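Asker: Here is my input; please provide its structure:
(chains A, B, C, D, E, F, G, H, I and J, ligands or ions: 16)
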10 protein chains.
Amino acid sequence: MTDRQKDHLQSLGNNKAASIFDYDPSLLETFENAHPDRDYFVKFNYPEFTSLCPITHQPDYASLYISYVPAQRMVESKSLKLYFFSFRNHGDFHEDCINKIADDLIQLMDPKYLEVWGKFLPRGGISIDPYVNYGKPGTRWEQVAFERLSHHDLYPEKIDNR
Amino acid sequence: MTDRQKDHLQSLGNNKAASIFDYDPSLLETFENAHPDRDYFVKFNYPEFTSLCPITHQPDYASLYISYVPAQRMVESKSLKLYFFSFRNHGDFHEDCINKIADDLIQLMDPKYLEVWGKFLPRGGISIDPYVNYGKPGTRWEQVAFERLSHHDLYPEKIDNR
Amino acid sequence: MTDRQKDHLQSLGNNKAASIFDYDPSLLETFENAHPDRDYFVKFNYPEFTSLCPITHQPDYASLYISYVPAQRMVESKSLKLYFFSFRNHGDFHEDCINKIADDLIQLMDPKYLEVWGKFLPRGGISIDPYVNYGKPGTRWEQVAFERLSHHDLYPEKIDNR
Amino acid sequence: MTDRQKDHLQSLGNNKAASIFDYDPSLLETFENAHPDRDYFVKFNYPEFTSLCPITHQPDYASLYISYVPAQRMVESKSLKLYFFSFRNHGDFHEDCINKIADDLIQLMDPKYLEVWGKFLPRGGISIDPYVNYGKPGTRWEQVAFERLSHHDLYPEKIDNR
Amino acid sequence: MTDRQKDHLQSLGNNKAASIFDYDPSLLETFENAHPDRDYFVKFNYPEFTSLCPITHQPDYASLYISYVPAQRMVESKSLKLYFFSFRNHGDFHEDCINKIADDLIQLMDPKYLEVWGKFLPRGGISIDPYVNYGKPGTRWEQVAFERLSHHDLYPEKIDNR
Amino acid sequence: MTDRQKDHLQSLGNNKAASIFDYDPSLLETFENAHPDRDYFVKFNYPEFTSLCPITHQPDYASLYISYVPAQRMVESKSLKLYFFSFRNHGDFHEDCINKIADDLIQLMDPKYLEVWGKFLPRGGISIDPYVNYGKPGTRWEQVAFERLSHHDLYPEKIDNR
Amino acid sequence: MTDRQKDHLQSLGNNKAASIFDYDPSLLETFENAHPDRDYFVKFNYPEFTSLCPITHQPDYASLYISYVPAQRMVESKSLKLYFFSFRNHGDFHEDCINKIADDLIQLMDPKYLEVWGKFLPRGGISIDPYVNYGKPGTRWEQVAFERLSHHDLYPEKIDNR
Amino acid sequence: MTDRQKDHLQSLGNNKAASIFDYDPSLLETFENAHPDRDYFVKFNYPEFTSLCPITHQPDYASLYISYVPAQRMVESKSLKLYFFSFRNHGDFHEDCINKIADDLIQLMDPKYLEVWGKFLPRGGISIDPYVNYGKPGTRWEQVAFERLSHHDLYPEKIDNR
Amino acid sequence: MTDRQKDHLQSLGNNKAASIFDYDPSLLETFENAHPDRDYFVKFNYPEFTSLCPITHQPDYASLYISYVPAQRMVESKSLKLYFFSFRNHGDFHEDCINKIADDLIQLMDPKYLEVWGKFLPRGGISIDPYVNYGKPGTRWEQVAFERLSHHDLYPEKIDNR
Amino acid sequence: MTDRQKDHLQSLGNNKAASIFDYDPSLLETFENAHPDRDYFVKFNYPEFTSLCPITHQPDYASLYISYVPAQRMVESKSLKLYFFSFRNHGDFHEDCINKIADDLIQLMDPKYLEVWGKFLPRGGISIDPYVNYGKPGTRWEQVAFERLSHHDLYPEKIDNR
Ligand SMILES: [Ca+2]
Ligand SMILES: [Ca+2]
Ligand SMILES: [Ca+2]
Ligand SMILES: [Ca+2]
Ligand SMILES: [Ca+2]
Ligand SMILES: [Ca+2]
Ligand SMILES: [Ca+2]
Ligand SMILES: [Ca+2]
Ligand SMILES: [Ca+2]
Ligand SMILES: [Ca+2]
Ligand SMILES: [Ca+2]
Ligand SMILES: [Ca+2]
Ligand SMILES: [Ca+2]
Ligand SMILES: [Ca+2]
Ligand SMILES: [Ca+2]
Ligand SMILES: [Ca+2]
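Answerer: Numbers count the residues shown, from 1 in each chain, chains lettered A, B, ... in the order given. Ligands and ions are numbered 1, 2, ... in the order given. Model (predicted):
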């Protein structure tokens, strides 16, 4: 049984974890990148993110789009799901959630590149979409990060609140 | 109670403000950027903007897309909503509304970068979409602003007035 | 100059009227149906409706879809626009706006059939869509009205608040 | 050369006709229905209709959807195009255009059933969609016409004026 | 201050209630139907519904579409939101949630007609969409309920799990 | 090897047939309905239909939608494809193609019910969509055919010629 | 632990079952309908169906839409998934798959009403969409089944093979 | 009364002008740019453009997308509408219309940058979309014009002639 | 009569040509570019392309998107249509069709820049989209061609074979 | 008979190969690039990819988008289809499938450039989209590969798991 298979099964069996709905980055687990000599992208689409407003304690909802270029370690997707669950009853502002997710994944994987885009549902008619990215200092991805930030969302999607 | 919580609650309780429908940039409030060492984007989608034509006094409608890179201060979203309300009975041309909103937010937050795109409903079969952006002089965002302006709307959305 | 041309021009020249943003059904004007021997439909699409919440005085927005079968009189569309403008600073609940619009148009035109469907933008994550219809008592349209009500919105559109 | 081929070629060669942009129902030509024993539908989609406002003389635009069940004669599509062209500089209200088109086609073809739906571009933020239909008196299509009218547009398309 | 204004403000001030995320139908409040002599529809679109799987305790998500014909009482929308919040940490199967919501709203309002359609996100590649409706026994809406059930979802939307 | 397997393989091996691009209904083959005691629908979607204008010999294109309720025999789909190919260099008017296809399939299968809807690309800005249907005389499907014809295309798709 | 919880967990733990990719209706399990006194719909959307062509052994793909009105027993969704998996390496014609699925679910649940609609990907440019439905003999759902069959797919979706 | 208000009202009152449907660039009027120190974009969407084929005199239709960066003068939108009307009975090839519109607006406003994209309806199955742009010589916009031209329409929209 | 008018009419009258369905680049005709001092784009959208598979002789279908920057000569669109018709019964692989069309148009017009993108319908579940471009050697468009090739289709459209 | 025709027919006749559903890159065949002096793109769209999860052995599904710039050899599309089939019962992680496909095609064709983008269906609410690309070392395509990787997916598609 490989390292990854064990990680995967540990999450699969760890259904108790799913009942813990408070922010816990220690839920995140990694496996080894099988293609460390190639720079490539992996994207996670997660339209089921929810957290709480830290002031009113009312629910917030977002679709998350996370892309990264792995170095040695990659985040295991089932543990990522449990980590997302841990925001369910956690109060935080939109932009803090997105920064925190980026920080936790950088800390976890030490990737070459990573970006997190959250598209939240409107409150008071306004929806807020924070976008955070990162390129590993000292690599060519540091410059890529700034270029991607510079070109972020040049052609925004149409929003009509329905 | 943090600075931001107070700002937020002040707006929440300030329902009288909502009944004032004339242009008032003093409604805008800020809170402190919790991630000042990272350049990142925050976007507001606001498809509920309305103002008046300064000549005929008939209503105009627009979807606003505002993106910025915060420096020290960030605009509080509920105060932003009240600020938008303050255009409701205010007469101004499309391009002046968009320039004014950009100026007010630059003045308020002193951001690294900011852009405002208004997409108005058609009058006489023509719809008008002004786009204004800004990069803080002396930073790398000054150059980014020109590059984003240069690449603005290269792939326009389809419009059929229905 | 026909009756309709006069009505039309009266509205065109009546720009002062446009500056009055409080509910006024007397703004509505009619012209004569040129095809009184044929039952046919006329639909108005109006995605620019706005009024105020009667409690918080915050703006509400809706797309209105109004269909009717004319009898002798038909509503002049420019006067209808001015009538819609008159809700701009008027406070009323969603379902009361829609009932009121239906009542005013029935009163004005005495149509064979009429329906008003309002699709409002969400507040608190919930959007509300009232639908009111009417068939002239004693005509076959009375029964049609109930049948259309019975089949109303069997296949609702997808809503995701973005 | 069949009857239909001659009609078709007459229109193809009749390019002078295309330069006449005033309403002329005599442009319409027919050919014989090759399947007179079967009741079936033929629909014309024509998103290129334009006429003038009879008061302001400004252009109006519509997409026309015409469906009919032929009896003995069918309208030749190239002559139909020329007939539509003849509205180009002709002033008429939306609902009168649609009634007139229905009347002309009924007069021309004596069909079992016919309907005309015009979806016009908005003026003053309001778009107007007249719908007229007809079933030949004394046939089962007379009752169908009323049933189709009764069920007309129960699920209206979304309109946002963009 | 009217009955409805009081209900509304009670909910607005009742922010503590929002922090209670366990199922509680007593959160629902009503106001009086201002148009009791007219049968008309009110629809709520709520794409932000979330509950827990009763077995794995993992989150489920649904878009709810609720339509009803009011009799004397109507559900206040802010209380409806709080009621929906109360499912957040509550474990229940999809079809039980939808039946329960229907039962609670029938109990609350005693409406002439009511339907609840839940469209859940997929689990294991399968998404589940329960639909429940009700017509008040002894009224014409009892028969309408069966007819609407009979014609339910004849033209299902396209689903591709992305 | 079943009857159907033989039919299927005969078509698969019959590639010469594909090079014959003139109308040939003898290409159609059938297999036996395995569920003769159940009335059910089978639909073919074929967006690749092309024929020639019988006058100008220029190509025409259509999407075909064919639905039927089988009795004893069902059309084999690969032979259906070859039959469609046989229109490629064949000149015929739109409504004649659709009537002919319906006639050939009725002749071939003697189905309980059948309908053919062709949606052609525009010529001269007008697109033509013939619709033919059939219910076996003396069965309940004869009445269904008229009811489906009566309700045909009540909610036409949006066409903009782009 | 309820009956349903046991069923659910049996499937969850039964991962070996997932490795069996040949048709096996015995994989299907039921739980008890908690609302037996109400007629209501449950729909399953499953866009991940795949089987093999019985002649060429090449894969086929379909989106399945299954709706039913439960009587006493309801199909457990995880067992339904395993049942769908069992078609993966199973050879069968499109219409036989859909008939078989309908038969198996009727056999399993003895529902009041059930329908299965399969929308397959095109082969040779043609896509095939079988639709089967059933109403329990001797109940009002027998008549509903014929009415739903009669109105099946009156407004077909647009297909362009891309 | 400002300069712009006078221009605007002159156009509003100038309804006679609307009846002149032959090409007349003198209809164009300007007002002063209120933000001359900022480079920003203004876009006009005009899906109602129509002219004539110079050879067959049959109507052509296009959606126009015009974007520019103003210098001292800006085009008044109502005069722009009248200018577009002046093409109604004017014969010109697609690419000549677009070049002419660009030339007229450059001549009128002396802008820093301007682009005109016309998307015409198909004739003979082919639709033609000319795109012209311009950067004021000697400014940085001269280089931007070439870069925008170089990146023009890299991701073309899907066209299917329906 | 200008050069272009003659070319155009020659094609219009040349209906015999349309009956020739074998590949013939000599059908292509040009007219003179009226704006030779300006670099601008012209795009042709042609969703009606069809040819034959050179091995099985079965039909292939594609949407073609052709963009170019003219030098002295421009391709006449009606002759382009006849040229496309000439592929109808011609056997060629997808990528050879697209290369051949590019070569023929380069040969014909000697343009500054040209690109041809073919999007074919799927065969065996796979669709193939060749893209060829060209910049005139020794001009700045040579470098643009490589840059456009380098950025080709970075954001591919969603394909689901339906 | 050319080299390519032979390859093609070998695959067409090789139906036994289709019944082998375990990973086999030796199924891939090539033909010679007929345009070796031109750098151009060929894209394959394949929305029918399926493999197994290596741990649970449950099916995974993806849409594959593969683009490449050929050198001397090109992959034959029917052999590509068989190669994709060979993943059907093969267990592999998403990112390993995509890397493996890229490696096999690079090995097979020695292309100038190649990219593989897999968009998988969600599991646990998360969908994973790996993207791998390659530019031949020592050519200008090596640098293009990094630039395309740097600009990958800047504008992600909207995902909602339905
Ligand atoms: Ca809107
Ligand atoms: Ca939405
Ligand atoms: Ca307009
Ligand atoms: Ca249009
Ligand atoms: Ca909201
Ligand atoms: Ca939306
Ligand atoms: Ca308008
Ligand atoms: Ca629109
Ligand atoms: Ca799919
Ligand atoms: Ca989707
Ligand atoms: Ca056309
Ligand atoms: Ca279209
Ligand atoms: Ca499609
Ligand atoms: Ca598609
Ligand atoms: Ca097509
Ligand atoms: Ca959603």
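Asker: now the strands for chain A?
Answerer: A:30-32, A:41-52, A:59-69, A:73-75, A:113-120, A:127-135 (DSSP state E).
Asker: Among the ones you listed, show me which one is buried the most.
Answerer: For the strands of chain A, the largest average neighbour count (mean count of other C-beta atoms under 10 Å in any protein chain shown) is found in strand A:113-120, namely a mean of 25. The C-beta positions use only the backbone N, C-alpha and C, and glycine is treated the same way.
Asker: what does that strand contact?
Answerer: Contacts of strand A:113-120 from elsewhere in the structure, counted by C-beta atoms under 8 Å, 6 or more residues apart in numbering or on different chains, are A:49, A:60-69, A:94, A:97-98, A:101-102, A:105-106, A:127-136, A:141, A:144-145, A:148, C:162, J:156.
Asker: now swap in stretch A:152-162 and tell me
Answerer: The contact list for stretch A:152-162 (C-beta under 8 Å, 6+ apart) reads A:122, A:125, A:127, A:129, A:131, A:133, B:41, B:43, B:45, B:47-48, B:63, B:65, B:67, B:117, B:148, B:151-155, B:157, C:119, C:121-122, C:127, C:159-162, D:160, E:45, J:154-155, J:158.
Asker: any idea how far stretch A:44-55 is from the chain center?
Answerer: 10 Å (C-alpha atoms, centre = their mean, to the nearest Å).
Asker: Mind checking if it is in reach of chain G?
Answerer: No. If you take C-beta under 8 Å from any C-beta of the partner chain as the test, stretch A:44-55 misses chain G, and the best it gets is 15.9 Å.
Asker: I'd like the mean pLDDT over that stretch, please.
Answerer: What stretch A:44-55 shows for mean pLDDT is 97.
Asker: hmm, that stretch in reach of chain J?
Answerer: Yes. Under the criterion of C-beta under 8 Å from any C-beta, stretch A:44-55 makes contact with chain J via A:44-48.
Asker: For ligand 3, what's its nearest residue on chain A.
Answerer: A:Asp160 (18.0 Å; C-beta to the ion).
Asker: Neighbours of that residue, how many?
Answerer: Counted with other C-beta atoms under 10 Å in any protein chain shown, residues neighbouring A:Asp160 total 17.
Asker: Verify the contact between A:Asp80 and A:Thr30 for me.
Answerer: Actually, residue A:80 is Leu. It isn't Asp. No. Using C-beta atoms under 8 Å, A:Leu80 is not in contact with A:Thr30; the gap is 10.1 Å.
Asker: other SSEs contacting the longest helix anywhere in chain A?
Answerer: Ranked by residue count under DSSP state H, the longest helix found in chain A is helix A:94-109. When contacts are defined as 3 or more C-beta pairs under 8 Å, 6 or more residues apart in numbering or on different chains; DSSP states H and E, helix A:94-109 packs onto strand A:59-69, strand A:73-75, strand A:113-120, strand A:127-135.
Asker: got the ones you listed as CSV, with mean pLDDT and distance to D:Phe21 columns?
Answerer: Shown next, in CSV, are the helices and strands packed on helix A:94-109 (pLDDT from 0 to 100; distance: least, C-beta to C-beta, whole Å):
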stretch, mean pLDDT, distance to D:Phe21
strand A:59-69, 98, 51
strand A:73-75, 98, 66
strand A:113-120, 98, 49
strand A:127-135, 98, 48
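Asker: which one of those lies closest to B:Phe87?
Answerer: The closest of the helices and strands packed on helix A:94-109 to B:Phe87 is strand A:127-135. By C-beta to C-beta, the value is 18.8 Å.
Asker: any residues touching the closest one, and which ones?
Answerer: A:94-95, A:97-99, A:102, A:106, A:111-121, A:141-146, A:148-149, A:152-153, A:159, A:161, B:38, B:40-45, B:77, C:162.
Asker: Direction included, what does it pair against?
Answerer: Sheet pairing of strand A:127-135 (DSSP bridges) gives strand A:113-120 (antiparallel), strand B:41-52 (antiparallel).
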